[in-house]
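>>> Need a 3D model of the following:
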Amino acid sequence: MDTGSDNQRIGKKDRSLEQLLLRSVGIAVVVGGLATAIWFAIADLSSLGQATSRIDPVRILAAPLLTLVYLAIRFVRWHFLLRSINVFIPIRANVRVFLAGLSMVVTPLYAGEFIKAAWLRSIAGVPVRYSASVVVTERILDVAAIGILVAATANGSARYWILPVIILAVLVWTAVSMDPVGVPQAERLDRSRSMTSRMRTWLHSSLTQLHPRVFAGALCMSLAAWTCAAAVLWLVVGALGATMDPRTAIGIFSESTLLGGLTLLPGGVGVTGSLMVHSLEINRVAAADATVAVLLTRLSTLWFSAGVGLVSLVGIRRFLANTGNLDQADHFVDIADGYADEIPEHLRQFYLDKKIDRMLPYIDGRKGVDVGCGQAWYLRELENRGMEMRGFDLSEGQIANARQQFPDRDNLAVADCRNLPVDDNSADFAYCINILHHVTEEGGQQDALREMIRIVRPGGRVFIHEINTLNPAMKVYMGYVFPLLRSIDLGDERWIAPYSIPLPDNAELEVVEFFTFVPDFAPIWLLNALEPLEKILERSFLRTYSAHYMAVIRKKT
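So this is what the prediction gives:
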């Protein structure tokens, strides 16, 4: 197979699609400009000038900030829905894809955002039909959220808008019987590669995201996002000195947006804004104030988003051209030299002491193996305490840095955690510290655990140290925030819950210990101040909501 030719062909198709979609953006600009010109022609120019002069600059500047919150929530929803079908993308790369996709918000029903699926294929090899199903789900959620806002803010007979929401609810509960499906499972369904099979797997992926377990969270995010966007109209009307309660403003924005979208005009231009102007006038906002308010609202929401997207679109091609392999091993090679600076030294030593102190009571023997040893901080400390240690890591850069600490030793080597160069039953204990969540291949975590069990003697122990995702705050922080703040994680990690560790038949879970509540960004003075409180929490019933856990697994005799 000529991979280079395939990539060139895909690249040409993507560029052609981008050009087609950008024409839609151009049409939206022309239609929007004409609509604005008509508003100004109808309004009294002197009144427009007076309305503009009354603008409160502070409130106007707050409008795009509210739009940024709207966009941030939409990104979290996009990333969350991809994860729901087992598509794990490095979060920084996904941010680039999402932002560039905003250039297509002025296409009919945001349909141009399907280009995001093509970009994800180029970055991570994700089949287009899987990520495209997320774009479809996003549109369903948008319609549902806006419909709910319309229903919640309407009066009297106008509550007929609740009908599409009820229909949508029926669709959601129809999906209850669907089993979750991800890329690996869908690939197995797609062996025939027929059009019927492709459509079936694409539809199955879409319905997976409508499963209540996923849909409830995604719908809440959609409601929050569109409430922020709708509140911009209330903010702008207030900035002009007019009085309007938030409920009315949110209702006007939502109904106008929904009806404008149903026209299938790019971004609803010409219709959405005109409906907003008319509705504001009905609610006793002067014509000039209504015109200026709608113009500023559209600039602060739709066109602000499109502008961010167009700026991001300039760089997405360069990023795609320069993107290499995004797997975890290459990532740790790239960050090896700066890895030690990612976590402040006082916190690194704090975590090291905590984890080693918890392992020591269970260690019976002196021969240990550090799986994923990184720069050998834990290995060195255990050797200082009398252990005979060997360390392995998949990253050559990490091993090179670790060897600088042990220049005369041969106890460090490059090796995959699923294929360790260690004899069967030759170690008294083995451990891995925050390693398993970086093993993202299907079945990889089970293979790594099976390998660690293989190398310890009967009765020996394997210690699994991981982030405690039983704490929902930690799950959100590590999945969506930490990878943006630090370079250690990519954001495509697969977290493993303490009671869901896939044990081989010759091993048993002995105990799970939960510890640490102090955040990983705490300065040393705060760490010292909170340590007594942390010890109390670690002994309380709240310990299961800690930041970390240690699972002690014993090899059966």
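>>> quick one, helices of the stretch 351-500 of the chain?
Ranges of helices within the stretch 351-500 of the chain are 377-384, 396-403, 444-455, 472-476, 482-485, based on DSSP state H, counting those that start in this stretch.
>>> Next secondary structure after the shortest one?
On the C-terminal side of helix 482-485, the closest following helix or strand by DSSP states H and E is strand 507-515.
>>> Give me the distance between the next helix or strand after that following strand and the centre of its chain.
For strand 507-515, the following helix or strand on the C-terminal side (DSSP H and E) is helix 524-539. Helix 524-539 has its C-alpha centroid displaced from the chain centroid by 30 Å (C-alpha atoms, centre = their mean, to the nearest Å).
>>> One more: stretch 216-233?
17 Å.
>>> same check, this time on stretch 310-319
20 Å.
>>> what's the average pLDDT for it?
Stretch 310-319 shows a mean pLDDT of 78.
>>> now swap in stretch 114-132 and tell me
On average, stretch 114-132 scores 82.
>>> Between the two ends of that stretch, how far is it?
By C-alpha to C-alpha, to the nearest Å, the extent of stretch 114-132 from end to end equals 6 Å.
>>> Show me what counts as buried in stretch 530-538.
534, 537-538 (16 or more other C-beta atoms under 10 Å). The way it works is simple: take the backbone N, C-alpha and C, and place the C-beta from them, glycine included.
>>> Adjacent strands (with direction) for the lengthiest strand in the chain?
Assignment by DSSP state E gives strand 456-467 as the longest strand of the chain. Sheet pairing of strand 456-467 (DSSP bridges) gives strand 427-433 (parallel), strand 548-555 (antiparallel).
>>> Check what contacts the longest one and list those residues.
With C-beta atoms under 8 Å, 6 or more residues apart in numbering as the contact definition, strand 548-555 has outside contacts at 351, 354-355, 358-359, 362, 449, 453, 456-468, 470, 498, 501, 503, 506-516.
>>> most neighbours per residue, which of the strands paired with strand 456-467?
Most buried of the strands paired with strand 456-467, by mean neighbour count (mean count of other C-beta atoms under 10 Å): strand 427-433, with a mean of 24.
>>> Using CSV, please lay out the buried residues of stretch 530-538 together with pLDDT and distance to Ala144.
Shown next, in CSV, are the buried residues of stretch 530-538 (pLDDT from 0 to 100; distance: C-beta to C-beta, whole Å):
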residue, pLDDT, distance to Ala144
Glu534, 90, 42
Leu537, 92, 39
Glu538, 91, 42
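>>> okay if I get those residues as TSV plus distance to Val237?
Listed next are these as TSV, based on distance: C-beta to C-beta, whole Å:
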residue	distance to Val237
Glu534	48
Leu537	47
Glu538	51
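>>> ok, these vs Ile282, which is closest?
Leu537 (55.7 Å; C-beta to C-beta).
>>> What ranges in this structure fall below the confidence cut-off?
Scanning the chain for pLDDT under 70 picks out 1-53, 109, 155-211, 321-342, 408-409, 487, 489.
>>> what residue is smack in the middle of it?
For the chain, the residue nearest the mean C-alpha position is His79 (3.4 Å; C-alpha atoms, centre = their mean).
>>> Can you tell me the element that residue falls in?
helix 57-84.
>>> Helix 57-84 and the helix or strand that comes right after that helix, what's the angle between them?
Per DSSP H and E, helix 57-84 leads on to helix 91-101 as the next helix or strand towards the C-terminus. Angle, helix 91-101 to helix 57-84, by axes from the mean of the first three to the mean of the last three C-alpha atoms, to 10 degrees: 120 degrees.
>>> what about helix 91-101, distance to the chain center?
Centre to centre, stretch against its chain (C-alpha atoms, centre = their mean), the figure for helix 91-101 is 10 Å.
>>> For it, give me every contacting residue.
The contact list for helix 91-101 (C-beta under 8 Å, 6+ apart) reads 74-75, 78-79, 82, 89, 112-113, 115-116, 119-120, 123-124, 308-309, 312-313, 315-316, 319, 323, 326, 480, 483-484, 490-492.
>>> for stretch 305-323, the distance to its chain's centre please.
Relative to its chain's centre, stretch 305-323 lies at 19 Å (C-alpha atoms, centre = their mean).
>>> ok, now which ones touch the residue nearest to Leu533 when sequence neighbours are not counted?
Ranked by C-beta to C-beta, 6 or more residues apart in numbering and with sequence neighbours excluded, the top spatial neighbour of Leu533 is Phe517, at 7.7 Å. If a contact means C-beta under 8 Å, 6+ apart, then Phe517 has 530, 533-534, 537-538, 546-547 as its contacts.
>>> Pick the one among the residues you listed closest to Arg390.
Ala547 (28.5 Å).
>>> quick one, what contacts the closest one?
467-468, 471, 474, 515-520.
>>> Closest one of the residues you listed to Ile60?
The closest of the contacts of Ala547, once distances to Ile60 are taken by C-beta to C-beta, is Pro519, at 35.5 Å.
>>> show me what contacts that closest one?
Ala547.
>>> now with 10 Å?
347, 473-474, 477, 526-527, 530, 547 (C-beta atoms under 10 Å, 6 or more residues apart in numbering).
>>> Just the buried residues out of those residues, in PyMOL syntax.
To isolate the buried ones among the contacts of Pro519 in PyMOL, judged by 16+ other C-beta under 10 Å, type:
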select buried, resi 347+474+477+527+547
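>>> which among the contacts of Pro519 gets closest to Ile250?
Ala473 (28.9 Å).
>>> Go ahead and confirm the closest one touches Phe482.
No. Ala473 lies out of contact with Phe482 (C-beta atoms under 10 Å); the separation is 11.7 Å.
>>> ok, and which of the helices of the stretch 351-500 of the chain has the densest surroundings?
Mean neighbour count (mean count of other C-beta under 10 Å) peaks for helix 444-455 among the helices of the stretch 351-500 of the chain, with a mean of 21.
>>> list the helices and strands that one packs on?
The contact analysis (3 or more C-beta pairs under 10 Å, 6 or more residues apart in numbering; DSSP states H and E) places helix 444-455 against strand 367-371, strand 427-433, strand 456-467, strand 507-515, strand 548-555.
>>> can you give me the angle it makes with strand 427-433?
Using the same axes, to 10 degrees: helix 444-455 against strand 427-433 is 160 degrees.
>>> Figure out how far helix 444-455 is from the centre of its chain.
Taking C-alpha atoms, centre = their mean, one finds the center of helix 444-455 at 28 Å from the center of the full chain.
>>> And stretch 300-308, by the same measure?
21 Å.
>>> Can you list the buried residues in that stretch?
Quick answer for stretch 300-308 (16+ other C-beta under 10 Å): 300-306, 308.
>>> Output it as CSV, restricted to C-alpha atoms.
Provided in CSV are the C-alpha atoms of stretch 300-308 (Å, rounded to 0.1, in the frame of the first residue of the first chain):
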residue,chain,number,x,y,z
SER,A,300,-19.9,39.2,20.5
THR,A,301,-21.2,35.6,19.9
LEU,A,302,-21.5,34.3,16.4
TRP,A,303,-18.9,36.5,14.7
PHE,A,304,-16.5,36.4,17.7
SER,A,305,-16.6,32.6,17.6
ALA,A,306,-16.1,32.6,13.8
GLY,A,307,-13.2,35.0,14.2
VAL,A,308,-11.4,32.8,16.7
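>>> before we move on, back to that, would you mind writing the PyMOL command to select the buried ones in the contacts of helix 91-101?
Listed next is the PyMOL selection for buried residues among the contacts of helix 91-101, using 16+ other C-beta under 10 Å:
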select buried, resi 74+75+78+79+82+89+112+113+115+116+119+120+123+124+308+309+312+313+316+319+326+480+483+490+491+492
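>>> With just CA atoms, put stretch 89-105 into CSV.
What follows is stretch 89-105, C-alpha atoms only, in CSV (Å, rounded to 0.1, in the frame of the first residue of the first chain):
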residue,chain,number,x,y,z
ILE,A,89,-7.2,12.4,21.7
PRO,A,90,-4.4,14.4,23.3
ILE,A,91,-6.2,17.4,24.7
ARG,A,92,-3.9,20.1,23.3
ALA,A,93,-4.3,18.7,19.8
ASN,A,94,-8.0,18.5,20.3
VAL,A,95,-8.2,22.1,21.4
ARG,A,96,-6.6,23.1,18.1
VAL,A,97,-9.1,21.0,16.2
PHE,A,98,-12.0,22.5,18.1
LEU,A,99,-10.9,26.1,17.8
ALA,A,100,-10.3,25.7,14.1
GLY,A,101,-13.7,24.2,13.7
LEU,A,102,-15.3,27.4,15.0
SER,A,103,-14.5,28.9,11.6
MET,A,104,-17.5,26.8,10.5
VAL,A,105,-20.1,28.1,12.9
